[in-house]
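Engineer: would you be able to build a 3D model of this:
(6 chains)
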4 protein chains.
Amino acid sequence: MRSENEPEGQKARSFIEEARRAQIVASAIEVIAEAGFAHASLARIAQHAAISKGVISYHFAGKEELMEEVVNRTYGAIAEHVVAKMEGLTTATGLLRTHILAVAEHMRGHRTQLRALGEIFYNLRTADGQPRYGINANEDLYRAQEEIYRLGQRNGEFRDFDTRVMAITHSSAVDNMFAYWVANPDHDLDAHARELADLFERACRA
Amino acid sequence: MRSENEPEGQKARSFIEEARRAQIVASAIEVIAEAGFAHASLARIAQHAAISKGVISYHFAGKEELMEEVVNRTYGAIAEHVVAKMEGLTTATGLLRTHILAVAEHMRGHRTQLRALGEIFYNLRTADGQPRYGINANEDLYRAQEEIYRLGQRNGEFRDFDTRVMAITHSSAVDNMFAYWVANPDHDLDAHARELADLFERACRA
Amino acid sequence: MRSENEPEGQKARSFIEEARRAQIVASAIEVIAEAGFAHASLARIAQHAAISKGVISYHFAGKEELMEEVVNRTYGAIAEHVVAKMEGLTTATGLLRTHILAVAEHMRGHRTQLRALGEIFYNLRTADGQPRYGINANEDLYRAQEEIYRLGQRNGEFRDFDTRVMAITHSSAVDNMFAYWVANPDHDLDAHARELADLFERACRA
Amino acid sequence: MRSENEPEGQKARSFIEEARRAQIVASAIEVIAEAGFAHASLARIAQHAAISKGVISYHFAGKEELMEEVVNRTYGAIAEHVVAKMEGLTTATGLLRTHILAVAEHMRGHRTQLRALGEIFYNLRTADGQPRYGINANEDLYRAQEEIYRLGQRNGEFRDFDTRVMAITHSSAVDNMFAYWVANPDHDLDAHARELADLFERACRA
DNA sequence: TATGAATGAGCTTTCATTCAT
DNA sequence: CATGAATGAAAGCTCATTCAT
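Structural biologist: Numbering: from 1, shown residues only, chains lettered A, B, ... in the order given. Predicted coordinates:
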């Protein structure tokens, strides 16, 4: 019956509630990663978690809220790790390189999360049929990356290029690195990340 | 990429049959592009084509075959155009550049096909739940692109880099260029393609 | 998949479709009359008609359309009979008396329809929770009856009274006559109707 | 009409318990009046009362008992008021008139109770699907009213008529007066009641 | 060839009720 | 006394597929 995401002044969720939500979110991630968004029914998620179907309805207002929770938790964990790694860096080249390597590093241990995130981004739609997270859900990400490029352009590290195109390309390169790795578990993720860092360094530098 | 829909020894399709299949495929593309894979039911595709639902079942063994036909036809058209443009080129740099620009050029007039293609690639699964076109559906594409990179590396145009990583990055950059353009119709596709060509030229060159 | 109520210019429903709709409506009436609106699920209605649940969804856009169809058909049949009986009458007293007796006469053979009609009127709500047929659904009926009273008042048959109050009272008296009869099948409906005609004649006359 | 909720030999309810029951009943009345019987879930009633869902289950054996309590309390309050007003009257005409006016007077301030009462009467069913309060729930009421008519017939105030028909008609007229008023809050309830008193006086008098 | 009709499985959601704490 | 948590049945609805005509 709970539906809001921690509005101010509302009772914090109990420990048990929090644990259940986490459990359900984890189960959802696994089922989505395994079977794909379209086949990730509440029934299947519940079965995978060995709980009753109704439990999910009890803890989440609906399927949409559950999916958004998956996104928020997963996305938050990634951002937290990457931001920590980038802290203190001052050169655009260093930031760019670290960004790529840090994301790869974090994701190495979170393959299923990544897969689920992609599925939801691509497939989740609001009740009126519009994509819940379109490509434009990346807008914030693009903006953040453009900051780095502009820094590099200002201080002479980088040549002049279209920062939006670079941000889109950078994002997609990282996303697909993971996608390839998810599909080919033997693929050397860290080596791929280093290659990518080289690639963008060369593509950007003055 | 082209799966055989006309196995040897089978009767060729009649003219009417061919026309119907083409009509249904066209309708499917439009519905998928508009409503997304999950909402592209046979009923909706039939309604959009102003035909009976049964017609689809009559002409296609099932939904899966229809979706595959959409992929084959669309993919085939792209390949045809791009290959024609690349014919006669000899330098890796020229091939790389032309590949990017030619794909963009062709897609500019086929936005819905592109959208539908992405939806199907991402979502279609076989009866046993496995992705029908995973990232590995790109294997042929990657191989073809790797040929170009190796050519460049052999003749000294390109530096030494991991060709598989470059192929993945290249593919994803092009895919997402289109995705961004689909989501932002005012985006300048050709300018984006030129930026991308520059980007990969710099990333590859010796 | 059909949803509209005979919009102009649309293909008329096929004979088979019409028969199915009629069958489903009949089943719905029986189930509602027996089990009440709240327990008249589509599953139960289908089971009662010995058809698959999906058939109802196929022929009706949703439960609401089915319920409205029940109302329209039942209400239409009543109106047809009563109007025929009242045709040609000129005195208000005669119209009043005939109205009561004709409704009773028709309803004697349509007890379940009557029960179902009442249930739907009382219970059906639109998606936003508002009553679909409130007491105000009787507005047309009230207006029609007020015409009769005013005629009587103009030509001196009836005394001066509030026509709206009389219409409400008249309607409710007839409705409850049926309700009582439905609950007590041995009750003499025609005698009740005659008593009622006397009652309102005395209540109205100058 | 008052069913026994305090059978002999059972512990009387504590003060707190009584208060809780009253609070829950009040909440139930408001929710039913607002949303209708079908949408008056225990969850909603609990939420409206700002208590836990479990509290209701704790204080009432089930939903049915809660609903019956709503009926008993509301009905009891009406009867108390009306009986007080009728005390001491001796003529049938006076009793008839007073009955109508007193009920209207009391109800003017208890609109939601009235609405809820109607919803429950119409919709509540026992576990086996039979109406809990059918039209026959009015049997006691009919008997009481028939006493008045027979008194009038014995002492010459009233003509000879079927007392049961008159009781049904009288009850339904009063019920629908309220229903109309609930649906049309601007309707003049007292004027309606006076019209009704006139109407029945004329319908009954010798 | 083409169609409308029908099916049944599966979907999300709501709900009264039970129970441990 | 009160609560939050959990259950499982039942609801309305969508859909791919089958089939007689």
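Engineer: for the rest of this, base every contact and every neighbour count on C-alpha atoms.
Structural biologist: Will do.
Engineer: centre of the chain to the longest helix seen in chain A, how far?
Structural biologist: Criterion DSSP state H: the longest helix present in chain A is helix A:63-86. Relative to its chain's centre, helix A:63-86 lies at 6 Å (Cα atoms, centre = their mean, to the nearest Å).
Engineer: how close does the spatially most central residue of chain A get to chain B?
Structural biologist: Of all residues in chain A, the one closest to the mean position by Cα atoms, centre = their mean is residue A:75, 4.1 Å from it. Computed as Cα to the nearest Cα, to the nearest Å, the residue A:75 to chain B distance reads 20 Å.
Engineer: so does the longest helix of chain A get close to DNA strand E?
Structural biologist: Yes. Helix A:63-86 reaches DNA strand E (Cα under 7 Å from any atom of the strand) through A:63-64.
Engineer: what is the mean pLDDT for that helix?
Structural biologist: Helix A:63-86 carries an average pLDDT of 93.
Engineer: what is the subsequent helix or strand relative to it?
Structural biologist: Moving toward the C-terminus from helix A:63-86, the next helix or strand (DSSP states H and E) is helix A:92-108.
Engineer: buried set for that following helix?
Structural biologist: By 16 or more other Cα atoms under 10 Å in any protein chain shown, the buried positions in helix A:92-108 come out as A:92-93, A:95-105, A:107-108.
Engineer: now, which of those lie close to DNA strand F?
Structural biologist: Okay, of those, nothing touches DNA strand F (Cα under 7 Å from any atom of the strand).
Engineer: among these, which one lies nearest to chain C?
Structural biologist: residue A:107 (44.7 Å; Cα to the nearest Cα).
Engineer: distance of residue A:72 from residue A:144?
Structural biologist: 18 Å (Cα to Cα, to the nearest Å).
Engineer: again, but for residue A:162
Structural biologist: Distance, residue A:162 to residue A:144, by Cα to Cα: 15 Å.
Engineer: please, which helix or strand holds whatever residue of chain A ends up closest to chain C?
Structural biologist: Nearest residue of chain A to chain C: residue A:127, at 15.0 Å (Cα to the nearest Cα). Using DSSP H and E, residue A:127 falls within no helix or strand.
Engineer: those helices in chain A, which residues are they?
Structural biologist: Under DSSP H, chain A gives helices at A:15-35, A:42-49, A:53-59, A:63-86, A:92-108, A:111-123, A:139-154, A:163-183, A:189-204.
Engineer: quick one: which of those is nearest residue D:79?
Structural biologist: Shortest distance between residue D:79 and the helices of chain A, using Cα to Cα, is found for helix A:53-59: 42.5 Å.
Engineer: packing partners of the helix or strand bottoming out on mean pLDDT in chain A?
Structural biologist: Every helix and strand in chain A was compared by mean pLDDT, DSSP states H and E; the lowest is helix A:111-123, with a mean of 86. On a contact count with 3 or more Cα pairs under 8 Å, 6 or more residues apart in numbering or on different chains; DSSP states H and E, helix A:111-123 meets helix A:15-35, helix A:63-86, helix A:163-183.
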